[in-house]
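Student: what would the 3D arrangement of this be:
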Amino acid sequence: MGIAENINGLRSRIAQAARRSGRDPGEITLVAVSKTVGLEAVREAMAAGLNHFGENRVQELKFKKGHFPEAHWHMIGRLQTNKVKDVVGETVLIHSLDRWALAEELERRGANLEIEVPALLQVSLAGEEQKAGVLAADIEPFLKSAGQFKRLKIMGLMTMAPLSEDSEKSRPIFKELHEIYRCYKSRTYHNVDMKHLSMGMSQDFEIAIEEGATIIRVGTALFGE
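Tutor: Numbers count the residues shown, from 1 in each chain. Next up, the predicted model:
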């Protein structure tokens, strides 16, 4: 199947997963992970109606945005502090705020450019040491401390479940993050707007939707291997 057919199939699966959990499919944003494909694939996806794209690498993000500035670009990969200057102002959302030093650098760059910097706090729940993210116990201190910033705005939470052929293994992690998300969404913190919950990829996005995701990040199921 081509990209347009894949998109139609994804939309159908998204709608079904949303309805199973009593949700409106319109609440869910599909971010097309375009990190492994070229410009023509992005062009095809845009022609089929997608306008949110995610990149892991700063150089690729800037290159593709240069060709498609009308699309909404997301930074979904781990961000080094020395690359912040190349990302702030180029994205609608940074999904990978995983440490305090990065928060400070995002704030500094936003202040220099006099623009708001929207980001998601990446949370590590799977117990995998190689996975970036703050621990659940550190979320509230992080949100409270973020009140000192004037440009960085935390717009929600993000997590990654361990890769598995059994998508159900992701459910406990997604369920836990949704509970955490609901908890902090009900509280008020300066410079925090718990609007987004980014979780779920090609292998488990339906589970993520059932457990409350508002953003899913899909590459392989959209563009192929």
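Student: which is the next helix or strand following the longest helix seen in the chain?
Tutor: Counting by DSSP state H, the longest helix found in the chain is helix 3-20. Downstream of helix 3-20, the next assigned helix or strand under DSSP states H and E is strand 29-33.
Student: which residues of this structure score low on pLDDT?
Tutor: Scanning the chain with the threshold set as pLDDT under 70 gives 127-131.
Student: in it, which spans are helices?
Tutor: Per DSSP H, the chain carries helices over the ranges 3-20, 39-47, 58-67, 84-87, 100-113, 139-145, 171-185, 205-210, 220-223.
Student: quick one, which of these is packed in tightest?
Tutor: Here the criterion is mean neighbour count by mean count of other C-beta atoms under 10 Å, and of the helices of the chain the winner is helix 205-210, at a mean of 24. Just so you know, the C-beta spots here come from the backbone N, C-alpha and C atoms, and that holds for glycine as well.
Student: counting by contacts, list what it packs against.
Tutor: The contact analysis (3 or more C-beta pairs under 8 Å, 6 or more residues apart in numbering; DSSP states H and E) places helix 205-210 against helix 3-20, helix 171-185, strand 215-218.
Student: redo the ones you listed as TSV? Include distance to Val123.
Tutor: Formatted as TSV, those follow (distance: least, C-beta to C-beta, whole Å):
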stretch	distance to Val123
helix 3-20	22
helix 171-185	6
strand 215-218	14
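Student: between the ones you listed, which one is closest to Lys35.
Tutor: strand 215-218 (10.1 Å; C-beta to C-beta).
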